[in-house]
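Asker: here's a sequence, model it:
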Amino acid sequence: TCLTALRVFLPALTHTLSHTAGALWFGQGQTYSQLDASVGHVDWYNVQFYSQGTPYTTCTTLISVSGDLFLGMSVLEIVASGVPQQKVVIG
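Answerer: Numbers count the residues shown, from 1 in each chain. Below is the predicted model of the structure:
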């Protein structure tokens, strides 16, 4: 994959690889949860919780349970999908 090739040229000891994506790309087993499980070369994800309507209006919907329309897209739900907690940054 592209990430595997990047990691070869940018070794983990001297370089950091990150991705920025909207939370919707993590929810319910979406692309980034699968990417981290299969490739794992990303050091951290700057997850964007804005410009997605109004699901993230409280600490609960941002951190714990995102709600019906955005099921699986809060920080702890992203972690529960398999992305390591230390890789999730709120953006």
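
Asker: quick one: V88 and S81, what's the gap?
Answerer: Applying Cβ to Cβ, to the nearest Å, the value for V88 to S81 is 10 Å. Backbone N, C-alpha and C define where each C-beta goes, glycine included.

Asker: same question but for D43, I mixed them up
Answerer: Computed as Cβ to Cβ, the D43 to S81 distance reads 18 Å.

Asker: in the worst-scoring helix or strand of the chain on mean pLDDT, what counts as buried?
Answerer: Least confident helix or strand, the chain: helix 31-38 with a mean of 76, by mean pLDDT, DSSP states H and E. For helix 31-38, burial by neighbour count (16 or more other Cβ atoms under 10 Å) applies to 32-33, 35-36.

Asker: hang on, the earlier thing: tell me which of D43 and S81 has more neighbours.
Answerer: Neighbour totals were compared for D43 and S81, and S81 leads with 19 against 14 (other Cβ atoms under 10 Å).

Asker: which parts of the chain are helices?
Answerer: Assigned by DSSP state H, the chain shows helices spanning 2-9, 31-38, 59, 75-80.

Asker: ok, which of those comes nearest A23?
Answerer: Of all the helices of the chain, it is helix 75-80 that lies closest to A23, at 7.1 Å by Cβ to Cβ.
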